[in-house]
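>>> Predicted model follows, preceded by the sequence.
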Amino acid sequence: MKKSTFLVILLVSIWTSAVGVGLYSVDAHLHYRDLVWAIPTGLTLLITHMVSMTLYFKVRGDEPFKWHKYKTIGEKR
Amino acid sequence: MRTLFVNTRYLIVPLMSILTILGLVTGGIYVWAGVALFVLSAIIDTATKNIHLRADFDKDGNSYGIKMFQYGVMYLMLIVFITLQIAVAWRIYQYVNATPSEMLSVFGLTVQSGITGANLIGAIVSAGLWAGLGIIYGHELSHNKKEGFFVSRLIMSLSGASHFTYAHVYQHHLHLGHEKDPATAPRGRNVYMHTWLSHAGQSKFSFDLEKSRLEKKGKSFFSLDNKWILGYLYSLPSIVLFVWAGGIVGVAALLSLWLIANFELEALNFMGHYGLIREDGKPVEHRHSWDNDSVFTDWFFIAIGRQADHHVRGETYFWELDDVKGPNYGIGYFSLFLITLVPPLFKKYVRKHLDNWDEKYANQKEREIASQYGY
């Protein structure tokens, strides 16, 4: 696994876990039926996803989308 | 009569989506209706894979398609897909509340309240499979320059993929067959890896596009004028609905639903362009897309399989797209989809088609590039 792949998995895991722990510590999992809780909880989850995507873009750049890694040497398989 | 036939034959997905919703509402074993209808569709598609029809025009060359009717259906599908999410969220609500199982009569329909864990899985998979088919309407409407584009964004946002609308038109259509287009799968990539890379690549395109656009305007990236941010915000009502309906269970259900829906979306991209190559900067031609136009695929997927014609005439309505003798797998999307699910099988299957493309369709430069890759 490439260093940058490992790094982004680590960063996204830490970030998502931190948000999860944060939501748990304020008892969001107990109050979700109250819209006053459900809306900010939903927004927090959405922002978590957007930040994770941004981390992926920043750490990995354009590399994951390049085709050179699919090139074969010698006979086509 | 011909007009009626041409316009109603594209109603398979709307009718089956409504039946899926009815299954979710009815409850019990019927929550699996969406899965059953998907399997039934795969069987019909496979059985009719050798039937290929042309687009229908009258003797004066005018299409039988009625734009107002087809657009009306596509706009109504937004309501249908929202209803689908509400129906599955209602079932999650009942599961989390441990609602007792009893038969109720609602508007003359016998409904079973409460749901078991196994049937909840069926409800989520059913909803995911049919929510994923929103792509066919999201795709068609993305090419509309008026309100249709916005409806496309909303339909795609129900699957957390609102970025698709911009990326499809301003990235995929301009760069297909090249690594600049993440929706084109190079030879050697499997459908699972492609799902992530295509999804992330299209989102990144929208992210970069907005960053550069807002910089030029001297505006902050963190603005409601940012269409990448706005696209994700369109998904907020779905997230709040599922959080409210089931808390952690609701979030897990929504993630599953989005995963299934996005897998379908990217599988369509995968099947439409796998392994085809275009020299950077050269025009997009019929040979740069795979056609899948067996009769059931054509009607079910509102002619999205007529990729070769679509990519050359992007503004053309789906009911006017025709067979232009582009490269063709010769089988429908359902059959091909099942093959792509098993990468070694797909690799074996696609070999003869890629060899045929290299020999009969590719130009010299494309052939040279193709020789650097496997299958």
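Everything's here; your move.

>>> who's in contact with the residue sitting nearest the centre point of chain A?
When chain A is reduced to its mean C-alpha position, the closest residue under Cα atoms, centre = their mean turns out to be residue A:52, at 3.3 Å. Residues in contact with residue A:52 (Cβ atoms under 8 Å, 6 or more residues apart in numbering or on different chains) are A:12, A:15, A:16. For the C-beta atoms, the positions are set from N, CA and C on the backbone; glycine is no exception.

>>> Repeat the analysis, applying 6 Å as the threshold.
When contacts are counted by Cβ atoms under 6 Å, 6 or more residues apart in numbering or on different chains, residue A:52 touches residue A:12.

>>> what does the one 4 residues further on give?
Listed by Cβ under 6 Å, 6+ apart, the contact partners of residue A:56 are residue A:8.

>>> what about the residue nearest to residue B:76 when sequence neighbours are not counted, which helix or strand?
Closest residue to residue B:76 apart from its sequence neighbours, by Cβ to Cβ, 6 or more residues apart in numbering or on different chains: residue B:14 at 7.4 Å. In this structure, residue B:14 is located in helix B:12-26 according to DSSP states H and E.

>>> roughly how far is that helix from the heart of the chain?
Put simply, helix B:12-26 sits 17 Å off its chain's centre (Cα atoms, centre = their mean, to the nearest Å).

>>> Tell me, how many residues neighbour residue B:74?
Residue B:74 has 23 neighbours, counted by other Cβ atoms under 10 Å in any protein chain shown.

>>> Can you mark which positions in the helix or strand hosting the residue nearest to the centre of chain A are buried?
Taking DSSP H and E as the criterion, residue A:52 maps to helix A:35-60. Neighbour-count burial for helix A:35-60, counted by 16 or more other Cβ atoms under 10 Å in any protein chain shown, picks out A:37-39, A:41-42, A:44-46, A:48-50, A:52-53, A:55-57, A:59-60.

>>> same question, stretch B:216-224
Those would be none for stretch B:216-224, no buried residues there (16+ other Cβ under 10 Å).

>>> and the spatially most central residue of chain B, what does it touch?
The geometric centre of chain B, computed from its C-alpha atoms, lies nearest to residue B:135 (Cα atoms, centre = their mean), at 2.9 Å. With contact set as Cβ under 6 Å, 6+ apart, residue B:135 has these partners: residue B:265.

>>> and the angle for the host helix or strand of it with helix B:12-26?
Applying DSSP H and E as the criterion places residue B:135 in helix B:134-142. Relative orientation of helix B:134-142 and helix B:12-26, computed by axes from the mean of the first three to the mean of the last three Cα atoms, to 10 degrees: 130 degrees.

>>> Can you show me the helices along the stretch 201-350 of chain B?
Taking DSSP state H, counting those that start in this stretch as the criterion, the stretch 201-350 of chain B contains helices spanning B:227-233, B:236-273, B:295-300, B:307-312, B:333-340, B:343-360.

>>> looking at those helices, which is closest to residue B:159?
When the helices of the stretch 201-350 of chain B are ranked by proximity to residue B:159, the top entry is helix B:236-273, at 3.9 Å, counting by Cβ to Cβ.

>>> from the stretch 251-375 of chain B, which residue is nearest to chain A?
The nearest approach of the stretch 251-375 of chain B to chain A comes at residue B:374, 4.3 Å away (Cβ to the nearest Cβ).

>>> just for chain A, where's the confidence low?
Of all residues in chain A, those with pLDDT under 70 make up the ranges A:74-77.

>>> what residues does chain A put near chain B?
Applying Cβ under 6 Å from any Cβ of the partner chain, one finds that chain A approaches chain B through A:29, A:32, A:38-39, A:41-42, A:45-46, A:50, A:53, A:57, A:64-67, A:70-72, A:76-77.

>>> same thing but at 7 Å, please
Along chain A, the residues adjacent to chain B under the rule Cβ under 7 Å from any Cβ of the partner chain are A:29, A:32-33, A:35, A:38-39, A:41-43, A:45-46, A:50, A:53, A:56-57, A:64-67, A:70-72, A:76-77.

>>> For residue B:121, the count of nearby residues, please.
Close neighbours of residue B:121, defined as other Cβ under 10 Å, add up to 16.

>>> Check which helix or strand it maps to.
In the assignment (DSSP H and E), residue B:121 maps to helix B:117-132.

>>> With residue B:111 instead?
Under the criterion DSSP H and E, the helix or strand holding residue B:111 is strand B:109-113.

>>> Can you name every helix or strand that that strand contacts?
helix B:12-26, strand B:102-106 (3 or more Cβ pairs under 7 Å, 6 or more residues apart in numbering or on different chains; DSSP states H and E).

>>> contact partners of the longest one?
When you say that, I think you mean helix B:12-26. B:30-31, B:33-34, B:37, B:73, B:77, B:80, B:83-84, B:87-88, B:91, B:109, B:111-112, B:123, B:126-127, B:130, B:133, B:136, B:299-300 (Cβ atoms under 7 Å, 6 or more residues apart in numbering or on different chains).

>>> what do you get for the shortest one?
With contacts defined as Cβ under 7 Å, 6+ apart, strand B:102-106 is touched by B:110, B:111, B:112, B:113.

>>> Direction-wise, compare the helix holding residue A:52 with helix B:236-273 and give the angle.
Using the same axes, to 10 degrees: helix A:35-60 against helix B:236-273 is 40 degrees.

>>> How about residue B:106: which residues does it bridge to?
Counting by DSSP bridges, residue B:106 forms beta bridges with residue B:109.

>>> if I pick residue B:189, what's in contact with it?
Residue B:189 makes contacts with residue A:70, as judged by Cβ under 7 Å, 6+ apart.

>>> Send me stretch B:199-217 as PDB with only the CA atoms.
As requested, C-alpha coordinates have been extracted for stretch B:199-217 and formatted as PDB (Å, rounded to 0.1, in the frame of the first residue of the first chain):
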ATOM      1  CA  HIS B 199     -17.300   8.500  -7.600                       C
ATOM      2  CA  ALA B 200     -14.300  10.300  -5.900                       C
ATOM      3  CA  GLY B 201     -12.900  11.500  -9.200                       C
ATOM      4  CA  GLN B 202     -16.200  13.200 -10.200                       C
ATOM      5  CA  SER B 203     -16.600  14.800  -6.800                       C
ATOM      6  CA  LYS B 204     -13.000  16.100  -7.100                       C
ATOM      7  CA  PHE B 205     -13.700  17.600 -10.500                       C
ATOM      8  CA  SER B 206     -16.600  19.500  -9.000                       C
ATOM      9  CA  PHE B 207     -14.500  20.500  -6.000                       C
ATOM     10  CA  ASP B 208     -11.600  21.800  -8.200                       C
ATOM     11  CA  LEU B 209     -14.000  23.500 -10.600                       C
ATOM     12  CA  GLU B 210     -15.700  25.500  -7.800                       C
ATOM     13  CA  LYS B 211     -12.400  26.300  -6.100                       C
ATOM     14  CA  SER B 212     -11.000  27.800  -9.300                       C
ATOM     15  CA  ARG B 213     -14.300  29.500 -10.200                       C
ATOM     16  CA  LEU B 214     -14.800  31.100  -6.800                       C
ATOM     17  CA  GLU B 215     -11.100  32.200  -6.700                       C
ATOM     18  CA  LYS B 216     -11.500  34.000 -10.000                       C
ATOM     19  CA  LYS B 217     -14.600  35.800  -8.600                       C
END
